[in-house]
Every structure is written in structure tokens, then in C-alpha cells.
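Trainee: here are the coordinates; sequence isn't available:
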């Protein structure tokens, strides 16, 4: 039983909880003093309505605001942003890797060519001698 | 909001979905349906017509601004509107730092009475004392009393609107009435 369910059960049976005042065990409608007070509140807090001018003015303001808001462009979702960021990182890493491999390969080729130039093979020498 | 108000032919859920898509007519229908309830709530909390109008306008502007984020959770749409209004009223109290009073000319429900002017004035004073006492209660007690006795909502409807069970509202109404009676006694009203 989770906390929400316990809370709901306690609230539903709140009338019977032991810490309530004795008079709360009965409905306030059955207590003349409270019922009379409730009637006075009803009269004192009689519903009021806004003026027609106010209603119309506010409605006009709201509809004008709604038209300026619509159509609302959906902001990019966090997932979309993360996916974009991930793609940028992956792309950068891939380009970096290719550049590194190209650099290393070029360096190796350059070193081999230098070595061949510095230490020519016997076959190469005989060819030169010829 | 309450039973006396006209309800749109379409359900709130459909209207909200259409309003979220930018349908001005749908938002207009929601506004027409609930503006009186929100205005009444703001007025009963502040006791001032200009402040009630300002708070009502801010409630609906905020609702419009955040409508895209509204998700139906099973509670009525009014619960969301009341929560916005309740928070704005709380901010209003914090910023005003005052106990508003209602001018006698704004006293309610007396125009049709046939009592003598003196009796009317006495009744107005009694009502004003009662309204002032209600506004000295805690915000949640004010809210419950206004929804119960001014808006005429049942305990179940109040519970749906403020996220409490029907039993809890029943106890809260009872305690609010007792607190109000004590408040009136303390202030010699």
C-alpha cells in the first residue's frame, strides 16, 4: 500500500479519526449555530459577476494575444538537442580519426622514402653504376 | 463553473485541445464559461472590483500563456484555473500587505431588499464584518468557504478542484466555520 493510497483512505475516513473535536463528528448542518453562520456567509458572499464591458475587453485582449501566439513553434526537444550534439561529436571524432590516420600514413611513407634515398639498395647501386 | 453557468456543447477536453492548437473560438468558449467563476473567486478574496478585474485578467492571460503545457489529469479544468487564481491572490496579498475592505456601496444582494434604509445599513455592516472575518482566515479556509457558500459547490466538487478528498473537505468546511465563529467572537463582531 503506497503513501498516496494511505493518505486517501485516512482522508476518506477523516470524520472518524480520534483527534477530531467532538462536534466534528456530526455534520455542521446539524449544529444550529454553524448552520446559521453558514447561511449568513451565503448572503454575505453572494456571487458577483463582472461587468459586460470588462468581459468583452478581456476577451478581446485574450483573443488578440492568442492570435499573436499562434502558430507556436515547438521548441526543440531535449532529446533532439542531445541527438544533434551527439552527431556533432561523432562527426568531429570521425574526421579527427581520418585526419590522424592520413597523417600517420603520410609520415610513414615519407620516412620510408627518406630511408630509401639515404640507403639505396644494391640493385639500385648497380643500376646507378651502369 | 457552477451549475448555473452555461456549459459549452463540447467537452472541456475537446475545447482545450482545440485551444492548444490555436483555435481562438475554443479558447473564447472556455473563457466565457469560466470567467464569472474566476472573477467571483477573486472578488470574494480581495473585496475590490478593480483588484478582482486585474486578477481575473492575469489569471486568464497566464492560462493562455501556459495552455500548451496543460495536461488533463482527471481534475476539472477549473482546478487549474483556480490554482492560478489562488496563487495570484496569494501574491497580491503579499504585495499589498493589507486587509482589504469592501466599500458599502459594493455590498451585495441588498438592492432588492425592502427593509428600511437603517436596517439595510445595519445588514450591510454585518455582512461587511463577516466578509472581513472570512478574509482573516487562512487562504485555504477562505478558498473552501468561498467555493462552498459563494460558488455553491458540493464537498466532492471542491475536493476535485483543490485536490483533496470529499471527507477532507467536509472536515475542512466544519473547521473553517468554527474558526470563523471564533474570529467573529474575538473581534467583537
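Mentor: Structure received. Keep in mind that what you see is a predicted model, and the values were worked out from it rather than measured.
Trainee: Quick check: which element contains the closest residue to chain A within chain B?
Mentor: Among the residues of chain B, residue B:22 lies nearest to chain A; the distance is 3.1 Å by Cβ to the nearest Cβ. (Each C-beta comes from the backbone N, C-alpha and C, glycine too.) Using DSSP states H and E, residue B:22 sits within no helix or strand.
Trainee: same thing with the one 4 residues further on?
Mentor: Assigning secondary structure by DSSP H and E places residue B:26 in helix B:24-46.
Trainee: so what's the residue nearest to residue B:180 when sequence neighbours are not counted up against?
Mentor: Once flanking residues are discounted, residue B:180 sits nearest to residue B:133: 5.8 Å by Cβ to Cβ, 6 or more residues apart in numbering or on different chains. Residues in contact with residue B:133 (Cβ atoms under 8 Å, 6 or more residues apart in numbering or on different chains) are B:180, B:183-184, B:187, B:189.
Trainee: picking up where we left off before, next one, pLDDT for the residue of chain B closest to chain A please.
Mentor: In this model, residue B:22 is scored at 86, pLDDT.
Trainee: Equivalent analysis for residue B:95, please.
Mentor: Predicted confidence (pLDDT) for residue B:95: 83.
Trainee: what's the answer for residue B:110, then?
Mentor: pLDDT, the model's per-residue confidence, is 44 for residue B:110.
Trainee: Residue A:124 now?
Mentor: Residue A:124 is given a pLDDT of 51.
Trainee: returning to what we had before: which of the contacts of residue B:133 sit farthest apart?
Mentor: B:180 and B:187 (10.8 Å; Cβ to Cβ).
Trainee: any low-confidence regions in the chain?
Mentor: No chain in the question, so chain A it is. Chain A contains residues with pLDDT under 70 at A:1-4, A:7-26, A:70-83, A:120-130.
Trainee: Oops, wrong one, chain B.
Mentor: Looking at chain B by pLDDT under 70, you get B:1-10, B:97-116, B:188-189.
Trainee: ok, now how distant is the residue sitting nearest the centre point of chain B from residue B:81?
Mentor: Ranked by distance to the mean C-alpha position of chain B (Cα atoms, centre = their mean), the top residue is residue B:41 at 1.8 Å. Per Cβ to Cβ, to the nearest Å, residue B:41 is found 9 Å from residue B:81.
Trainee: And for residue B:18?
Mentor: 17 Å.
Trainee: Ok, residue B:57 next?
Mentor: Distance, residue B:57 to residue B:81, by Cβ to Cβ: 13 Å.
Trainee: what's the domain layout of the chain?
Mentor: Picking chain A for this. Domain ranges of chain A: A:3-69, A:85-129, per automatic domain parsing.
Trainee: meant chain B actually
Mentor: Following automatic domain parsing, chain B resolves into domains at B:1-100, B:136-189.
Trainee: which of those domains sits most buried?
Mentor: Among these, domain B:136-189 has the highest mean neighbour count (mean count of other Cβ atoms under 10 Å in any protein chain shown), at a mean of 19.
Trainee: Any idea how far it is from the middle of the chain?
Mentor: Mean C-alpha position of domain B:136-189 versus that of the full chain (Cα atoms, centre = their mean, to the nearest Å) differs by 12 Å.
Trainee: and residue B:164, helix, strand or coil?
Mentor: coil (DSSP: H, G, I helix; E, B strand; the rest coil).
Trainee: Look up phi and psi at residue B:137.
Mentor: Here is the backbone geometry of residue B:137 (degrees, to the nearest 10): phi -70, psi 170.
Trainee: what does residue B:72 give?
Mentor: Main-chain torsions, residue B:72, degrees, to the nearest 10: phi -70, psi 120.
Trainee: residue contacts, it?
Mentor: B:13, B:16.
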